[in-house]
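>>> Sequence and predicted structure are below.
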Amino acid sequence: MFKHILVPTDGSELSIRAATTAIDLARTCGARILALHVVPPFHTISYMAEMLAATELAYTQESIARAERFLAEVRDRAAKAGVPCDSRYLLDEQPHKVIARVAGENHCDLIVMGSHGWRGLNRLLLGSETQKVLLTAEPPVLVCH
């Protein structure tokens with residue numbers, strides 16, 4: 001049935017539950033997993049940009065470390081289930097576009113993700129990333145709640 005499942009994660013409890021669902025499905029189908037975390041870029045408005053260099057570097061380092069923790073969680077769960085799992089993180093301000101692009105580039109035949117994540121008020125104002133993935137991604141999307 002499915003051979004390559006994309007699992008976007010933001011580290012939230014719901015995205016970890018979605019990853020667990022994807023891993024169970026992959027084990028049943030003999031599929032492999034690609035875990036993905038999209039790191040939003042550092043944004044600020046300032047009249048003294050030179051003061052922000054250290055802040056931006058610290059933000060980037062912490063964001064990458066957090067991404068690695070989120071992805072390690074999915075890799076560990078997949079390993080325990082005997083499911084092959086690759087992972088990667090990318091920096092971009094539009095996660096839904098990255099998710100759709102990565103799914104296509106890696107010939108994923110299913111995307112499994114949570115119905116919502118950490119985005120809070122932005123999610124309410126702009127629409128959830130999951131909703132945008134549903135509208136833009138080519139492969140089917142299994143939404144977990």
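That came through, no problem.
>>> Just to check, residue 63 is in contact with residue 39?
Yes. Between residue 63 and residue 39 there is a contact at 4.6 Å, judged by C-beta atoms under 8 Å. All C-beta spots, glycine's among them, are computed from the backbone N, C-alpha and C.
>>> Next, show the common contact partners of these two.
residue 91 (C-beta atoms under 8 Å, 6 or more residues apart in numbering).
>>> the more surrounded of the two?
residue 39 (21 against 17; other C-beta atoms under 10 Å).
>>> The lengthiest helix in the chain - what's its average pLDDT?
Counting residues, the longest helix found in the chain (DSSP state H) is helix 53-81. Model confidence over helix 53-81 averages 92 on the pLDDT scale.
>>> Summarise which helices and strands that helix is packed against.
With contacts taken as 3 or more C-beta pairs under 8 Å, 6 or more residues apart in numbering; DSSP states H and E, helix 53-81 sits against helix 13-29, strand 32-39, strand 85-91.
>>> my read: residue 142 touches residue 108, true?
No. Judged on C-beta under 8 Å, residue 142 makes no contact with residue 108 at a distance of 11.7 Å.
>>> any idea how far stretch 24-35 is from the chain center?
Distance, stretch centre to chain centre, for stretch 24-35: 16 Å (C-alpha atoms, centre = their mean, to the nearest Å).
>>> any idea of the pLDDT on residue 44?
65.
>>> thinking again about what came up before, ok, residue 142 and residue 108, which is more surrounded?
Here residue 142 and residue 108 are compared on neighbour count by other C-beta under 10 Å; more neighbours surround residue 108, at 25 against 16.
>>> Lovely, talk soon.
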